[in-house]
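1. Whatever this is, show me its structure:
(one chain, ligands or ions: 1)
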Amino acid sequence: MDEPSLDLRSVSCKNEKCGLYGRLGGGNIAIRGKYGPQKNKVLLYCRGCKRRFAAPRTNPFPRIRQSPAMIGQIVVSYGDDECGSVRKTAERLHLNKDTVDRALHDAKEYCMNEIHKILDSLYIPHEQFDQFWKFIDKMRGLSGRDVQ
Ligand SMILES: [Zn+2]
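-> Numbering: from 1, shown residues only. Just a heads-up that it's a prediction; the model follows:
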């Protein structure tokens, strides 16, 4: 599976003693090389303090061998009223039931993490997730009319 490419602007220095610690998009982060048994892990370094550190994982689905596009198809198929079950999704996409089950579990975790990031960015307490979701649903109903 191809790893999505790493955007260095989304990574900051991990050295708390560095003057560039936590600063995004400063141009101080560079790729130092690859490491690991399959040489698939990226080693970064900070030009400011010269400290090396591991790149954050870019694949949100490390347990699943399917591509993100296939995981998307699994999610959509499972959400489709005419399909809607693990067994039917597996049949439709010619996948193993366990693969579909794992993909759905990991996709749920991924989506919830992303939604929590959105809630945090809007200072909405996580307990008000339902109201946030109702907002999304209402906005979908308005799409093409009042909301762009
Ligand atoms: Zn640094």
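
2. which phi and psi does residue 55 have?
-> Reported as degrees, to the nearest 10, the phi and psi values for residue 55 are phi -70, psi 150.

3. Residue 12 too?
-> Residue torsions, per degrees, to the nearest 10, at residue 12 are phi -120, psi 170.

4. Backbone torsions only: list them for residue 87.
-> The phi/psi pair for residue 87 (degrees, to the nearest 10) is phi -60, psi -50.

5. Distance of it relative to residue 93?
-> Separation of residue 87 from residue 93 (CB to CB, to the nearest Å) stands at 11 Å. Backbone N, C-alpha and C define where each C-beta goes, glycine included.

6. So for those two, which sits in the more crowded spot?
-> residue 93 (18 against 12; other CB atoms under 10 Å).

7. how far away is the more buried one from residue 28?
-> 43 Å.

8. Ok, residue 121 next?
-> 24 Å.

9. The closest residue in space to residue 41 that isn't next to it in sequence: neighbouring residues, count only.
-> Counting by CB to CB, 6 or more residues apart in numbering, residue 35 is the residue found nearest to residue 41 once chain neighbours are left out, at 5.2 Å. Per other CB under 10 Å, the neighbour tally for residue 35 reads 13.
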